[in-house]
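In: Sequence and predicted model, in that order:
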Amino acid sequence: MTGRTLRRQPWAAPALLLLTLIGVGALVAAIDAGTQPATASGAPSQTQVAKGSALFAEGCASCHGPAGEGTTDGPSLIGVGAASVDFQVTTGRMPLAAPNVQAMRKPPSYDREETLALAAYVAALGPGPAIPSGSVVDEWRDASVAKGGELFRVNCAQCHNFAGRGGALSDGRYAPSLMSSTPLEIYEAMLTGPQSMPVFADTSLPPESKAEIIAYIENLKQEPNPGGLDLGRFGPVTEGLFLWTAGMGALVAAAIWIGARVR
Amino acid sequence: MTATITPPAGPVQRGAEATYDYLDQRLGLSALLKTNVRKIFPDHWSFMLGEIALYSFIVVLLTGTFLTFFYKPSVTEIIYDGSYLPLRGIPMSEAYASTLNISFDIRGGLLMRQIHHWAALFFVAAISVHMFRVFFTGAFRKPREFNWLIGVSLLVLALLAGFAGYSLPDDLLSGTGLRIAAGIMQSIPVVGTWLVFLAFEGEFPGTAFIPRLYTIHVLLVPGLILALITAHLILVFYQKHTQYPGKGRTNTNVVGYPLLPVYVAKAGGFFFIVFGVLTLISALVTINPIWLYGPYMPDQVTAGSQPDWYIGFLEGALRMMPAWELLIFGYPISLNVLVPALILPGLIFTLIALYPFIEAWVTGDRREHHLLDRPRNAATRTALGVMGLTFYVVLFINGGNDVIATTFDLSINSITWAMRILLILGPWAAFVVTKRICLGLQRRDRDLLLHGRETGRILRLPSGEFVEVHEPVSEERAAILMARQDVRPLPLPPATDADGVRTPGLWHRRVRSRLSQWWYRDDIPAVTPAELAAAQSHIRHELAAAESMGVLPHEPELSEALSRH
């Protein structure tokens, strides 16, 4: 009974927002507690949220709605969390250049500070995955590459290909190549499941496993090719292409050379 | 040969002669060599395409032998502790681990693996190109139909050997391939499931299949291939090689060079070129990087899972087929697998094998052919060949539809639909276009013979008329162009004979004569020797007239060419 009357008070909505903000702040602070102080992904300040709100109204609200509640042109951002915003904006996928089946990676439109302000604003709209701290992301440096490879083949290779070079999905969608993704971006993608990708929450894929997967991808980026040219690491298709162009071309040319009539 | 050498024999010469005598008295070499060493073979670069296949196969045998020293055909699970760090501590089969060892711990092992794999791909590619040459020049015609059949069997065996070899390392791609192969077996109505149990000794993947595949890959199939290659070459030797038409070449002679020394040198040199190119490619370009694919686990799969190129057309057919399924008495018949993976290749290979007999039946041609056709002169056959090739290439391209989609930013669904439509319409378009091109070339040949070559020199006659000087084509060229003979299509049989008795086998003979008429219908009439003589005297007169008017400067070359005709 009292709850109902409280909810009907004129100050109820602002109060709820304030409580949520404090709650998110506290949550982020709790997650970040004990790690490096005042990193870029630390607790958002009120000024950051305000700046983010202004940037949001300018660059995002036309599709995602003035309060991030979503429109027919873009999904609701309430509860997607700071990690999602950071991933989408840092990789240049948001803001969209044009409505398409899938947002493409391109140079980012916002600098780091603006991106964090936007993330703080969207995080304030509703609780969601926060940007993982630098120390959490950096755990891949000590993680097992071999275990990561196994996890990668079970969870990632079916879309991103055995060497992380990407692959086709239905109707023009695709799993992008991971070769230019930073460890932070990969971490955020696993946390938030952008576009066609499923969410790999910490409950199903614990942080150690995420670190191992990142270690494997980082290894793929640097691994030399003991066999020579890698032909893009796409599997037998490019091998066949090479065979039928350069390979058979060379042998048929040799046949023509040897078979040339001596006059 | 030795009889013609006059200088006094040195010690080397005497030694060689003594050795030869020793061998001759025991093995009867003279009789054998006299008839065979000087055997004449015709010369053309396209006759060497089959050699690429032969030499690739030799390279495959040599490198494959090396690989058997270190490969373990066993799926017993072990923990990898070799030198490739990104897989250390991972459970895998002994087959996969031994392939990793070959790649990273055996000296020269990776190079050997890569030569073996590249050479196998080249083997099938060279067989295909060689078959194109044989098909489009009509070399399969009587009396060489059986050698065509041996060739088709070799192609099928090469595919089998390749697929078995691709499956042996037990990496993620090869396991996925075997999974598909098991699925294809299962799609056979009634017996499919039991066939899989028989082959895999239970459920897929089991432990029996890889060792069995190994025996097939290193013993059965290569043995059959070797035997058939031998038969293939004996038949080429015995039936004599076909030759292209040309001056002095007839259906009853062979113009060319002797086996020794010309072809022994050419073939020997070509072997080393093929071996060299294969080794160079294998040293520079990665093939089948199994360490990146990881060990096969039935719960894993990777994007971009593809077979090697020669199975690509089947992959494409599978990816293209709509998901149709029949239910008969409650049992599903998986048309979506059965049709593209079994019925289609069955039809394709049956058609290829029977083609020489089908063509002979349609054309009613029972003559022996030792002179090759120029593809344009057999317009219908050439068009049919390109038609089949188009069908194959569409299937083949669709086998890589996912890589095409990501590379060119296209939708995989649109590619698949475009390929479905192309598969049905493309071959017909290819037939019509190829036939038109062939007929155009036939017309050009006829024109060249009857009107001569356009020299590009324009004369102005005293009357003010402009004419272009034509020159008769050279004797060599004319011999090639005259090679085509007019073949009359089979006439329609009369319905009844003079006594009103119905012709036996009427329906069969009617179909055949209709097909034969369709076959030859559009051919441009070939130039007859009489026509050629008349045309050349006409050209000669025109030239003489022009010369007598003092318009044409005297040209010894031209008058010499004229005087020969």
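Out: Received it, and whenever you're ready, just let me know what you need.
In: Can you show me the strands along chain A?
Out: A:167-168, A:174-175 (DSSP state E).
In: what's the spacing between the nearest residue to B:E531 once chain neighbours are set aside and B:A139?
Out: Excluding the flanking residues, the one nearest B:E531 by C-beta to C-beta, 6 or more residues apart in numbering or on different chains is B:L450, at 6.7 Å. Every residue, glycine included, has its C-beta placed from N, CA and C. Going from B:L450 to B:A139 by C-beta to C-beta, to the nearest Å gives 29 Å.
In: swap in B:L448?
Out: Distance from B:L448 to B:A139, counting by C-beta to C-beta: 25 Å.
In: Same question for B:A360.
Out: According to C-beta to C-beta, B:A360 stands 14 Å off from B:A139.
In: the more surrounded of those two?
Out: Legend: neighbour count by other C-beta atoms under 10 Å in any protein chain shown for B:A360 and B:A139, higher for B:A139 (22 against 16).
In: Using the three-state scheme, assign that one.
Out: When classified by DSSP: H, G, I helix; E, B strand; the rest coil, B:A139 comes out as coil.
In: That one reaches B:M131, doesn't it?
Out: No: taking contacts as C-beta atoms under 8 Å, B:A139 lies outside contact range of B:M131: 9.9 Å.
In: Which residue, neighbours along the chain excluded, lies closest to the residue in the stretch 351-500 of chain B positioned nearest to chain A?
Out: The stretch 351-500 of chain B approaches chain A most closely through B:S411 (3.5 Å), counting by C-beta to the nearest C-beta. Computed as C-beta to C-beta, 6+ apart, the closest residue to B:S411 that is not its neighbour in sequence is A:G172, at 3.5 Å.
In: go on, B:S167?
Out: B:S174 (4.4 Å).
In: can you count the residues close to the one you found?
Out: Neighbours of B:S174 under the rule other C-beta under 10 Å: 26.
In: Repeat that for the one 3 residues further on.
Out: The burial metric for B:G177, expressed as a neighbour count using other C-beta under 10 Å, is 22.
In: now for the helix or strand containing it, which elements pack on it?
Out: Using DSSP states H and E, B:G177 sits in helix B:172-186. Packing partners of helix B:172-186 (3 or more C-beta pairs under 8 Å, 6 or more residues apart in numbering or on different chains; DSSP states H and E): helix B:145-167, helix B:192-200, helix B:290-293, helix B:335-338.
In: Mind doing that once more with 10 Å?
Out: Packing contacts for helix B:172-186, counted by 3 or more C-beta pairs under 10 Å, 6 or more residues apart in numbering or on different chains; DSSP states H and E, involve helix B:94-104, helix B:145-167, helix B:192-200, helix B:209-215, helix B:290-293, helix B:312-320, helix B:335-338.
In: A:S204 is nearest to which of those?
Out: Taking C-beta to C-beta, helix B:290-293 is the member of the helices and strands packed on helix B:172-186 nearest to A:S204, at 24.9 Å.
In: Please see if that closest one touches chain A.
Out: Yes: with C-beta under 10 Å from any C-beta of the partner chain as the criterion, chain A is reached by helix B:290-293 at B:290-293.
In: Please produce TSV containing those, extended by neighbour count and pLDDT.
Out: Below are the residues of helix B:290-293 next to chain A laid out as TSV (neighbours: other C-beta atoms under 10 Å in any protein chain shown; pLDDT from 0 to 100):
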residue	neighbour count	pLDDT
B:I290	22	96
B:W291	22	97
B:L292	26	96
B:Y293	24	96
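In: Closest to A:M179 out of those residues?
Out: A:M179 has its nearest neighbour among the residues of helix B:290-293 next to chain A in B:L292, at 13.3 Å by C-beta to C-beta.
In: any idea how far that closest one is from B:I102?
Out: If you measure B:L292 against B:I102 using C-beta to C-beta, the figure is 15 Å.
In: now A:A246
Out: Going from A:A246 to B:I102 by C-beta to C-beta gives 25 Å.
In: how about residue 61, what does it touch?
Out: Just going to use chain A. A:53, A:55, A:67-69, A:71, A:74 (C-beta atoms under 10 Å, 6 or more residues apart in numbering or on different chains).
In: nope, chain B please
Out: Listed by C-beta under 10 Å, 6+ apart, the contact partners of B:L61 are B:116, B:119, B:218, B:222, B:225-226.
In: Name only those of the residues you listed that count as buried.
Out: By neighbour count, with 16 or more other C-beta atoms under 10 Å in any protein chain shown, the contacts of B:L61 hold B:116, B:119, B:218, B:222, B:225 as buried.
In: Which residue, neighbours along the chain excluded, lies closest to B:C438?
Out: Distances taken as C-beta to C-beta, 6+ apart place B:A379 nearest to B:C438, at 3.7 Å, with adjacent residues excluded.
In: Look at that neighbour and say how many residues are nearby.
Out: The number of residues packed around B:A379, counting by other C-beta under 10 Å, is 24.
In: which one is the residue in the stretch 101-250 of chain A that chain B sits nearest to nearest to, not counting chain neighbours?
Out: The nearest approach of the stretch 101-250 of chain A to chain B comes at A:G167, 2.7 Å away (C-beta to the nearest C-beta). Using C-beta to C-beta, 6+ apart and skipping the chain neighbours, the partner closest in space to A:G167 is B:A303 (2.7 Å).
In: hang on, the one you found in a strand?
Out: No: going by three-state DSSP, the assignment for B:A303 is coil, not a strand.
In: Residue 22: how many residues sit nearby?
Out: Assuming you mean chain A. Close neighbours of A:I22, defined as other C-beta under 10 Å, add up to 10.
In: my question was about chain B
Out: Using other C-beta under 10 Å, B:Y22 has 11 neighbouring residues.
In: residues in contact with it?
Out: Going by C-beta under 10 Å, 6+ apart, B:Y22 touches B:L29.
In: Angles on the backbone of it, please.
Out: For B:Y22, the backbone dihedrals are phi -60, psi -50 (criterion: degrees, to the nearest 10).
In: any idea how far it is from chain A?
Out: 34 Å (C-beta to the nearest C-beta, to the nearest Å).
In: What are the boundaries of the helices in the stretch 151-263 of chain A?
Out: Per DSSP state H, counting those that start in this stretch, the stretch 151-263 of chain A carries helices over the ranges A:157-160, A:183-192, A:207-222, A:236-242, A:248-259.
In: How about the stretch 251-400 of chain B?
Out: With DSSP H, counting those that start in this stretch as the criterion, the stretch 251-400 of chain B has helices at B:264-284, B:290-293, B:312-320, B:335-338, B:344-363, B:379-398.
In: Need the winner for burial among these.
Out: Between the helices of the stretch 251-400 of chain B, helix B:290-293 has the highest mean count of neighbours, a mean of 24, where neighbours are mean count of other C-beta atoms under 10 Å in any protein chain shown.
In: Contacts only, for B:S56.
Out: Contacts for B:S56 were tallied using C-beta under 10 Å, 6+ apart; they are A:251, B:118-127, B:158, B:274-275, B:277-278.
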